[in-house]
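> Need coordinates for the following:
(chains A and B, ligands or ions: 2)
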Amino acid sequence: MTELSSTTASTPSAVPARRRRQGLVSYLARRSPLALLLVSLFLFAALFGPLLAPHSMTDTDLSQANLAPNAGYWLGTDALGRDVLSRLLGSAGVAAQAMLIVVAIGGVLGAGLGLVAGGLGGITDLVVSRVTEILQGFPTILIAIVIVALLSPSLTNAMIAVGLAAVPDFARIARSVAIQLRDREFIQAARGLGLSEIRILLTETLPNMIGPLIIIASFDGAQAIMWEAALSFLGLGVQPPAPSFGSMLRDAQNYLNINPWLAITVGVVVSAIILGLNLLGDALSDFYEMSER
Amino acid sequence: MSAAPLVRIQHLTKHFNVPGSWLARGKGKVHAVDDVSFEIFEGETLGLVGESGCGKSTLARCVVRLVEPDGGAVLFDGEDITHRSMRSLRPLRRRLQLIFQDPYASLNPRHRVSRILSAALQLRGSGGQRGEAMNELLRRVGLAHYFAESLPRELSGGQRQRVGIARALAPEPRLIVADEPVSALDVSVRAGVLNLLRRLQRELRLTMLFISHDLGVIRHVSDRIGVMYLGKLVELADADVFYDQPLHPYSEALLSAIPVPDPEARATRRQIVLKGDVPSPIAPPSGCRFHPRCAFAQSICATQEPPLRQHLPGRLAACHFPRLPESRADAT
Ligand SMILES: Nc1ncnc2c1ncn2[C@@H]1O[C@H](COP(=O)(O)OP(=O)(O)OP(=O)(O)O)[C@@H](O)[C@H]1O
Ligand SMILES: [Mg+2]
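Numbers count the residues shown, from 1 in each chain, chains lettered A, B, ... in the order given. Ligands and ions are numbered 1, 2, ... in the order given. This is a model prediction of the structure:
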């Protein structure tokens, strides 16, 4: 008993009581290993795709057309004799770019708008909220078609449209966190030090919404990949012969009877990436909920 | 008193709209602080007590101007700061600091202690020697220098509150308002933080407004005591006489509720149990706000509000029938 009290009494003042907090990666590995695996594979393929690709992504060779998976072409070839694995690796890079553009546009604009609306309140909030509501009402695909028609079909133009459609998601979460924090004591303490409201939003409020924003980013990232595939499928995104999931699916559609492999592999890969990102989003929300306590 | 007061609060009033019901706006208001006047002199600590919800925090926030009062005036060092804008208050901020009640909410969870303190040290203006100033601050509040690299979640409640105190001290303020600085802490670490505040008070000759709901806590730090009830200041007196002989029946009841270690004193003191609950601050009672719960209330108490006035030298109370020595003798 005496031993116990003497040890507990000496520790708190001597060493900072570092409460062990579980690292993010080790938490994800335990909570959702599949998400971690799928997303890492995707990012790895996106980053190193061009280096890893065993064949050219665009060179055609009609003598090798529509092959089933074999030793030379692990995932077979398409109607023009291009290596499916190599084109999938290229498509992963395109998908990652799409995700990046959407998250950058949606995240920066959305978080900025939400932060200002929630943090300043009043008339600012009213105006910003109406603007995001209107943005939310727009049909994504229609904006995409308009933008692409006005400009020209390209990945960037298509993804700008999708990014704008993602603004309300980020704005909503940023606004709600900013409102929650507005009258918290550490914000008042910052006011008590004479910091301006804008500075408080940037240095005190923003760092506390990174977690929720990353969660939205992983869900909207999955959406971005789906939209990229859809728009490229319709010919509004990546232009042939460059590979992308959407254009590969369109090519596969024409040869569904002769070469079903193509549609199946592309479909499975796209679904796996989207599943991985959604699982990651779920796991991240659990992680933040847990570490907030 | 010798010098001019550092802080002068005159008829300070703050009402809030009843939360959550914009329909009821105008119908009901929370009378958080109602016509409160007092002064704080350089170098003294004024202790302010009152039950939860009586408006202590609101008053504190009005004094440091985190909240704009609805009426009355706040004068700091002779300057009227009642309605100054947040921007124009900036140069004054280094003179006015607040210690918050909840050390779990008052430190940004994403900032290290060093960042929290350097934001406050910035108010001093001089650029150089900030590292040294930080170590000096940490030492003053009894924390080792390596705590600078800690995040708030790595600290205990007592350690966090020490960081909160260091932040308030950093700009070398002339007034520190401490809003229940120990009431969120474990009983085991309370004494440590309270002793720290007393030491700082002595060493730095701080001027403080020290708020608490606990008369036992406030006794150790205060030169004068103010008692609040439902947004009103009902008594203001020097600490030594106040604890022996409160004038307001409400003060008397509060005092009788703190445990007395001395059995002899306990025997002579009557235990006063207040009847009923604290009335709603939305519709406070007419006349003296305490009259429905007061054992000495008479008809005038329900109709006329007693002003805060001096009944004995240095002893103010807002009561028609203050507990003066002669009236005590009558009662017993
Ligand atoms: N921002 C606000 N909006 C509406 N009502 C408020 C607001 N702040 C405080 N109040 C109300 O004003 C009254 C006084 O609150 P205040 O926080 O000043 O009391 P307190 O004495 O500090 O209480 P505690 O001991 O619980 O901290 C309460 O009835 C409270 O509900
Ligand atoms: Mg309070």
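
> Next up, the contacts around the residue most central in space within chain B.
Nearest to the mean C-alpha position of chain B, counting by Cα atoms, centre = their mean, stands B:Ile211 at 2.4 Å. For B:Ile211, the contacting residues are B:Gly47, B:Leu48, B:Val49, B:Lys56, B:Ser57, B:Leu59, B:Ala60, B:Val177, B:Ala178, B:Asp179, B:Glu180, by Cβ atoms under 8 Å, 6 or more residues apart in numbering or on different chains. From N, CA and C alone the C-beta is placed, and that goes for glycine too.

> Okay, now the unreliable bits of chain B?
Residue ranges of chain B with pLDDT under 70: B:1-3, B:19-27, B:126-128, B:260-271, B:328-332.

> How far away from the center of its chain is the helix or strand A:Leu135 falls within?
When secondary structure is defined by DSSP states H and E, A:Leu135 falls within helix A:122-137. Distance of helix A:122-137 from the chain centroid (Cα atoms, centre = their mean, to the nearest Å) equals 24 Å.

> same check, this time on stretch B:117-127
26 Å.

> List the buried residues in it.
Taking 16 or more other Cβ atoms under 10 Å in any protein chain shown as the basis for neighbour counts, the residues of stretch B:117-127 that come out buried are B:Leu117, B:Ser118, B:Ala119, B:Ala120, B:Leu121, B:Gln122, B:Leu123.

> again, but for stretch B:64-71
Using 16+ other Cβ under 10 Å as the burial criterion, the residues of stretch B:64-71 that qualify are B:Val64, B:Arg65, B:Leu66, B:Val67, B:Pro69, B:Asp70.

> Next: stretch B:236-253.
Neighbour counts over stretch B:236-253 (16+ other Cβ under 10 Å) mark B:236-237, B:239, B:241-243, B:245-253 as buried.

> any chance of the buried residues of stretch B:64-71 in CSV, plus distance to chain A?
CSV is the format used below for these (distance: Cβ to the nearest Cβ, whole Å):
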residue, distance to chain A
B:Val64, 6
B:Arg65, 9
B:Leu66, 5
B:Val67, 9
B:Pro69, 16
B:Asp70, 18
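
> Which of these fall within helices?
Using DSSP state H, no member of the buried residues of stretch B:64-71 sits in helices.

> re the thing from before, check the secondary structure at the residue nearest to the centre of chain B for me.
Using DSSP: H, G, I helix; E, B strand; the rest coil as the criterion, the local structure at B:Ile211 reads strand.

> Helix or strand next in line after the lowest-mean-pLDDT helix or strand in chain A, which one?
Least confident element among the helices and strands of chain A, by mean pLDDT, DSSP states H and E: helix A:2-14 (a mean of 36). Sequence-wise, the next helix or strand downstream of helix A:2-14 (DSSP H and E) is helix A:24-31.

> and that following helix, how far out from the chain's middle?
Distance of helix A:24-31 from its chain centroid, counting by Cα atoms, centre = their mean, is 18 Å.

> Could you do stretch A:174-190 as well?
If you compare the mean C-alpha spot of stretch A:174-190 with that of the full chain, they lie 26 Å apart, counting by Cα atoms, centre = their mean.

> Indicate whether it makes contact with chain B.
Yes: counting by Cβ under 8 Å from any Cβ of the partner chain, chain B is contacted by stretch A:174-190 at A:Arg184, A:Glu185, A:Phe186, A:Gln188, A:Ala189, A:Ala190.

> so does that stretch get close to ligand 1?
No: contact check for stretch A:174-190 against ligand 1, using Cβ under 6 Å from any ligand atom: none in range, with a minimum separation of 7.2 Å.

> Please pick the buried ones from the contacts of B:Ile211.
Neighbour-count burial (16+ other Cβ under 10 Å) applied to the contacts of B:Ile211 gives B:Gly47, B:Leu48, B:Val49, B:Lys56, B:Ser57, B:Leu59, B:Ala60, B:Val177, B:Ala178, B:Asp179, B:Glu180.

> Nearest spatial neighbour of the fourth one, chain-adjacent residues omitted?
By that I understand B:Lys56. Excluding the flanking residues, the one nearest B:Lys56 by Cβ to Cβ, 6 or more residues apart in numbering or on different chains is B:Ile211, at 4.7 Å.

> Report the beta-bridge partners for that neighbour.
Taking DSSP bridges, one finds B:Leu48, B:Asp179 as the beta-bridge partners of B:Ile211.

> ok, back up a step: please convert the buried members of the residues of stretch A:174-190 next to chain B into ChimeraX selection syntax.
Command for ChimeraX, covering only those of the residues of stretch A:174-190 next to chain B found buried under the criterion 16+ other Cβ under 10 Å:
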select /A:184,185,186,188,189,190
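
> Is it possible to get the residues of stretch A:174-190 next to chain B out as TSV so that each row also shows pLDDT and secondary structure?
Compiled in TSV, these are given as follows (pLDDT from 0 to 100; DSSP: H, G, I helix; E, B strand; the rest coil):
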residue	pLDDT	secondary structure
A:Arg184	91	coil
A:Glu185	93	helix
A:Phe186	95	helix
A:Gln188	94	helix
A:Ala189	95	helix
A:Ala190	95	helix
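
> quick one on the thing from earlier: ok, of the buried residues of stretch B:236-253, which one's closest to A:Asn66?
Nearest to A:Asn66 among the buried residues of stretch B:236-253 is B:Tyr250, at 92.9 Å by Cβ to Cβ.

> The closest one and B:Val227 touch, don't they?
Yes: B:Tyr250 lies in contact with B:Val227 (Cβ atoms under 8 Å); the separation is 6.6 Å.

> overlap in contacts of the two?
Between them, B:Tyr250 and B:Val227 share the contacting residues B:Val234, B:Glu235, judged by Cβ under 8 Å, 6+ apart.

> Check the stretch 151-300 of chain B for the residue nearest chain A and tell me.
Shortest the stretch 151-300 of chain B-to-chain A distance, computed as Cβ to the nearest Cβ: residue-wise this is B:Glu154, at 5.0 Å.

> Counting neighbours, what do you get for that residue?
18 (other Cβ atoms under 10 Å in any protein chain shown).

> how about A:Leu41, secondary structure?
Applying three-state DSSP: A:Leu41 is helix.

> what's the neighbour count on the closest residue to ligand 1 within the stretch 101-250 of chain B?
Taking Cβ to the nearest ligand atom as the measure, the stretch 101-250 of chain B has B:His213 as its residue closest to ligand 1, at 5.2 Å. Residues contacting B:His213 under the criterion other Cβ under 10 Å number 18.

> Roughly how far does it sit from B:Asp70?
Computed with Cβ to Cβ, to the nearest Å, the distance linking B:His213 and B:Asp70 is 24 Å.

> Likewise for B:Ser57?
Noted for B:Ser57: a distance of 16 Å to B:Asp70, by Cβ to Cβ.

> try B:Pro259
Counting by Cβ to Cβ, the gap between B:Pro259 and B:Asp70 amounts to 39 Å.

> Leaving out chain neighbours, which residue sits closest to A:Gly121?
The shortest distance from A:Gly121 to any residue that is not its chain neighbour, by Cβ to Cβ, 6+ apart, is 7.0 Å, and that residue is A:Arg182.

> Can you pull the phi/psi pair for that neighbour?
Here the main-chain torsion angles of A:Arg182 (degrees, to the nearest 10) amount to phi -50, psi -40.

> do B:Leu137 as well
B:Leu137 adopts backbone torsions of phi -60, psi -50, taken as degrees, to the nearest 10.

> Roughly how far does it sit from B:Phe147?
In this structure, B:Leu137 and B:Phe147 are separated by 11 Å, where distance is defined by Cβ to Cβ.

> ok, and what's touching the one helix or strand B:Glu203 maps to?
Secondary-structure element containing B:Glu203, defined by DSSP H and E: helix B:187-204. In this structure, residues lying in contact with helix B:187-204 by Cβ under 8 Å, 6+ apart are B:45, B:140-142, B:156-158, B:161-162, B:165, B:169, B:178, B:181-182, B:185, B:206, B:208, B:210, B:217, B:220-221.

> Give me the neighbour count for the residue of chain A found nearest ligand 1.
Closest approach between chain A and ligand 1, counting by Cβ to the nearest ligand atom: A:Asp183, at 7.2 Å. Counted with other Cβ under 10 Å, residues neighbouring A:Asp183 total 9.
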